[in-house]
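Participant: one predicted model, sequence on top.
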4 protein chains.
Amino acid sequence: ESANEFQSQRDCLAQKLQDTESMNQALEARLGELEQQLRSERREREAFRQSLGTLLQLLDGKLFEMTELRDALGKLLDSS
Amino acid sequence: ESANEFQSQRDCLAQKLQDTESMNQALEARLGELEQQLRSERREREAFRQSLGTLLQLLDGKLFEMTELRDALGKLLDSS
Amino acid sequence: ESANEFQSQRDCLAQKLQDTESMNQALEARLGELEQQLRSERREREAFRQSLGTLLQLLDGKLFEMTELRDALGKLLDSS
Amino acid sequence: ESANEFQSQRDCLAQKLQDTESMNQALEARLGELEQQLRSERREREAFRQSLGTLLQLLDGKLFEMTELRDALGKLLDSS
């Protein structure tokens, strides 16, 4: 092949490489965003689970107290 | 420059392009996985929220019924 | 003693007996009322205790259902 | 009538009066017991009503606290 032909192939490849590298950067940026989003959503989810767990413990406490009240009513009834 | 030089530059660029395209495919595959994961976690989250919402409605119903019971006890007390 | 004296004693006793018998009837009437009142109050009390017992059973049912709901919330939390 | 006859009537009435007065005392004793019993049962009943009223107020408090918990769960759900 002639030097011209090699030169034109080289220039064409250089252009393609540049485009592909740009695409690469865009993909990496998008990947970084998604990873950030996933981490953020998992943090939210964990915080939500912890709040829910805390509320369930409070609910347990209330149910226990209501059961005690029910027993007090039962004893009052039995003693009457 | 000589034809040899152009040819060697072309070959070098062709190799780099191939590597960059491989990297591109890997990034796209990873991106696809993450998007899939995000969609899946959001579906789970939505299903969780719906289950929680259903349980809250049931809880509302129970609290309403207990309030009615409490009122019945109050009326019994007032009538005695 | 003379016959007059005996006669006057007899008349006095007859009057006293009549008064005492009147008092007796009044006491028996009052006694009947009180017994009636006691029976009536005990019937009310028993009816009250039965109503209270019924309400306590309903309360038990509600507490059981709320405990089930609490467990469902706990399982939802554990599965998330 | 003869003095003997009056005397015998007087003695008979004196006996009847004594019996009736005994009966009277027995009735008054029984009446006192019943009045005591009624007062005692009404005191018990009042004490019972007060205990029941106190338990109802505690029950109100628990129901209020559970409603607050339910609202906290609702807000957690809405914020997620």
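Facilitator: Thanks, I have the structure now. Quick caveat, the model's predicted, so the values are computed rather than measured. Numbers count the residues shown, from 1 in each chain, chains lettered A, B, ... in the order given.

Participant: A:Leu73 contacts D:Thr54, doesn't it?
Facilitator: No: shown here, A:Leu73 and D:Thr54 do not form a contact pair, counting by C-beta atoms under 8 Å, at 10.6 Å. (Glycine included, C-beta is placed from N, CA and C.)

Participant: so which of the two has more stuff around it?
Facilitator: A direct count of neighbours by other C-beta atoms under 10 Å in any protein chain shown for A:Leu73 and D:Thr54 places A:Leu73 higher, at 22 against 12.

Participant: state the distance from the more buried one to C:Met66.
Facilitator: For A:Leu73, the distance to C:Met66 (C-beta to C-beta, to the nearest Å) stands at 16 Å.

Participant: over to A:Arg43?
Facilitator: 32 Å.

Participant: do A:Asp19 as well
Facilitator: From A:Asp19 to C:Met66 the distance is 64 Å (C-beta to C-beta).

Participant: who has more neighbours, these two?
Facilitator: Using other C-beta under 10 Å, the more surrounded residue of A:Asp19 and C:Met66 is C:Met66, with 22 against 12.

Participant: just the element for the more buried one, please.
Facilitator: Per DSSP states H and E: C:Met66 is located in helix C:3-79.

Participant: gap between that helix and the chain center?
Facilitator: Here the centre of helix C:3-79 is set off from its chain's centre by 1 Å, with C-alpha atoms, centre = their mean, to the nearest Å.

Participant: contacting residues around A:Leu58?
Facilitator: D:Leu69 (C-beta atoms under 8 Å, 6 or more residues apart in numbering or on different chains).

Participant: next one: A:Leu73
Facilitator: Applying C-beta under 8 Å, 6+ apart, the residues near A:Leu73 are C:Leu52, C:Leu56, C:Leu59, D:Leu52, D:Leu55.

Participant: quickly note the distance from the second one to A:Asp19.
Facilitator: When C-beta to C-beta is applied, the distance between C:Leu56 and A:Asp19 equals 79 Å.

Participant: what pLDDT does the model give A:Met66?
Facilitator: A:Met66 carries a pLDDT value of 95.

Participant: residues of chain A that sit close to chain B?
Facilitator: A:1-3, A:6-7, A:9-10, A:13-14, A:16-17, A:20-21, A:23-24, A:27-28, A:30-31, A:34-35, A:37-38, A:41-42, A:45, A:52 (C-beta under 8 Å from any C-beta of the partner chain).

Participant: at 7 Å what do you get?
Facilitator: With C-beta under 7 Å from any C-beta of the partner chain as the criterion, chain A meets chain B at residues A:2-3, A:6-7, A:9-10, A:13-14, A:16-17, A:20-21, A:23-24, A:27-28, A:30-31, A:34-35, A:37-38, A:41, A:45.

Participant: please pick the buried ones from those.
Facilitator: Among the residues of chain A next to chain B, those classed as buried by 16 or more other C-beta atoms under 10 Å in any protein chain shown are A:6-7, A:9-10, A:13, A:16-17, A:20, A:23-24, A:27, A:34, A:45.

Participant: chain neighbours aside, what residue packs nearest to the residue in chain A sticking out farthest from the centre?
Facilitator: Outermost residue of chain A with respect to the C-alpha centroid, by C-alpha atoms, centre = their mean, is A:Ser80; its distance is 58.5 Å. Nearest non-adjacent residue to A:Ser80, counting by C-beta to C-beta, 6 or more residues apart in numbering or on different chains: D:Phe48, 5.2 Å away.

Participant: get me the contact residues on chain A for chain D.
Facilitator: So chain A meets chain D at A:48, A:51-52, A:55, A:58-59, A:62, A:65-66, A:69, A:72-73, A:76, A:80 (C-beta under 7 Å from any C-beta).

Participant: repeat the analysis, applying 8 Å as the threshold.
Facilitator: So chain A meets chain D at A:44, A:48, A:51-52, A:55, A:58-59, A:62, A:65-66, A:69, A:72-73, A:76, A:80 (C-beta under 8 Å from any C-beta).
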